[in-house]
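Asker: Build the 3D model from these lines:
(one chain, ligands or ions: 3)
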Amino acid sequence: MGTDASQMKALVYRGPGSSAWEQVPMPVLVDDTDAIVRVDATTICGTDLHILKGDVPAVTAGRILGHEAVGTVETVGSGVKRVQPGDHVLVSCVSACGTCRFCREGRYGQCLGGGGWILGNLIDGTQAEHVRVPFADTSTYPAPEGVADEALLMLADILPTGYEVGVLNGQVRPGDVVAVVGAGPIGLSAIVGSRLYSPSHVVAIDLADSRLDAAKQFGADVVINNGREDPLAAILALTDGLGADVTIEAVGVPATFELATKLVRPGGRVANIGVHGEPVTLHLEELWNKDVTITTGLVDTCSTPTLLRLLRGSLLDGSLFATHHLPLESMEEAYDVFSRSDETGALKVVLTRSD
Ligand SMILES: NC(=O)c1ccc[n+]([C@@H]2O[C@H](COP(=O)([O-])OP(=O)(O)OC[C@H]3O[C@@H](n4cnc5c(N)ncnc54)[C@H](O)[C@@H]3O)[C@@H](O)[C@H]2O)c1
Ligand SMILES: [Zn+2]
Ligand SMILES: [Zn+2]
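Answerer: Ligands and ions are numbered 1, 2, ... in the order given. As a prediction, the model looks like this:
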């Protein structure tokens, strides 16, 4: 922490392929519904890697990255009613104005009132010592007693994303065969979420053996390295030649979306989670008569209250994702560890303030 109270350190995006942990001005209240939160724990998302690849053009040079945090409220605007300085809170990756048409439907990701996924995207984010959180009343959750910060942190993004955009959109039902393409933190969250519905088989597909080992630990019954093995043959063998009831795409490249649409059975559901930076071919010449449903989605984090109850009831273990721990100021090292996850085995790198 610097001696100058008007300055702090943060991870600043400098354009495709470039970012640095540097000195920046402290955030200040802009709207009366804002809170300034001291970041106690933050982490890195696969989406941050997409941003660094240049896949998310809305993110411009100079932006502080990060959209996941657990922190302590320092100051609040005059319009903030429920959140107070000193409160220990989960900062959701999606901010919600709470009053627009989509927020009234719980569709916070599509907020029309200035919320949605803005942190580390359209406004400065959480990979910093402090962060301005807009709409603090409706964009934070009080930290439950007895839940470790690193476990709670997984409710900022990955667990709601896997659950809402994968499991709920894909309508996983008891007895289903669920194929999850991509076993990064998001795919693993989709596996964990699917298990809540008693599927007959969860099949994880990834190119990295380290991720497939994790998938087994998180509840996959079958793992397939699609660099070595044909996932279609394996799924057909499991399903009397029909295909998976639900396929969940959790990578965000054309090949994996196409694979997800190949693996689904007639009448099945394909739930895309991946952030795509380039056009993908939708093979309607093969799909038009298969009665499949394809869903897309940005996480709403409307399931956060449900997931908080599961966490408190020990029905969900967020800390399993926290494979690496570093102090906040080692952010650049954390990016290196996370981006080489096939070698490092990293799932989520948890960065915590050191004093
Ligand atoms: N829709 C949303 O709201 C939302 C929210 C958060 C993250 N995401 C997206 O979800 C995706 C996954 O996020 P993550 O944090 O788990 O990312 P990650 O980069 O950690 O994991 C991606 C996994 O995909 C695997 N993979 C890459 N190419 C593959 C291929 N051809 N076949 C099979 N596996 C392959 C990698 O080995 C890795 O394990 C990203 O695209 C991310 O941007 C979407
Ligand atoms: Zn994310
Ligand atoms: Zn709104």
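
Asker: Secondary structure class of the residue of the stretch 201-350 of the chain at minimum distance from ligand 1, three-state.
Answerer: Closest residue of the stretch 201-350 of the chain to ligand 1, Cβ to the nearest ligand atom: Gly252 (2.7 Å). C-beta: built from backbone N, CA, C; applies to glycine. Following DSSP: H, G, I helix; E, B strand; the rest coil, Gly252 is assigned to coil.

Asker: And the one 4 residues further on, by the same measure?
Answerer: Judged by three-state DSSP, the three-state class of Thr256 is helix.

Asker: now Ile205
Answerer: strand.

Asker: close enough to count as contact, it and Ala260?
Answerer: No - using Cβ atoms under 8 Å, Ile205 is not in contact with Ala260, being 9.1 Å away.

Asker: which of those two has more neighbours?
Answerer: More crowded of Ile205 and Ala260, by other Cβ atoms under 10 Å: Ile205, with 31 against 28.

Asker: The residue of the stretch 201-350 of the chain closest to ligand 1: how many residues sit nearby?
Answerer: Gly252, neighbours per other Cβ under 10 Å, totals 24.

Asker: Contacts only, for it.
Answerer: 46, 50, 55, 182, 273-277 (Cβ atoms under 8 Å, 6 or more residues apart in numbering).

Asker: Tell me the one among those nearest to Ser314.
Answerer: Taking Cβ to Cβ as the measure, Ser314 sits nearest to Ile273 out of the contacts of Gly252, at 25.7 Å.

Asker: Show the contacting residues for that closest one.
Answerer: 161-162, 165-166, 186-187, 190, 248-250, 252, 297.

Asker: how about the residues of this structure near ligand 1?
Answerer: The chain comes close to ligand 1 at residues 45-47, 49-50, 157, 161, 165, 181-187, 205-208, 211, 226, 250-253, 255-256, 273-275, 297-299, 341, as judged by Cβ under 6 Å from any ligand atom.

Asker: For the nearest residue to Thr344 once chain neighbours are set aside, pull up the helix or strand it's in.
Answerer: The shortest distance from Thr344 to any non-neighbouring residue, by Cβ to Cβ, 6 or more residues apart in numbering, is to Val337 (4.9 Å). Val337 belongs to helix 331-339 when assigned by DSSP states H and E.

Asker: Which secondary structure element of the chain has the lowest mean pLDDT?
Answerer: helix 341-344 (a mean of 90; mean pLDDT, DSSP states H and E).

Asker: I'd like the next helix or strand past that one.
Answerer: The helix or strand immediately downstream of helix 341-344 is strand 348-352, counting by DSSP H and E.

Asker: So in that sheet, which strands flank that next one, and in what orientation?
Answerer: Strand 348-352 pairs in its sheet with strand 35-42 (antiparallel), strand 322-327 (parallel), by DSSP bridges.

Asker: winner for burial among those?
Answerer: strand 35-42 (a mean of 24; mean count of other Cβ atoms under 10 Å).
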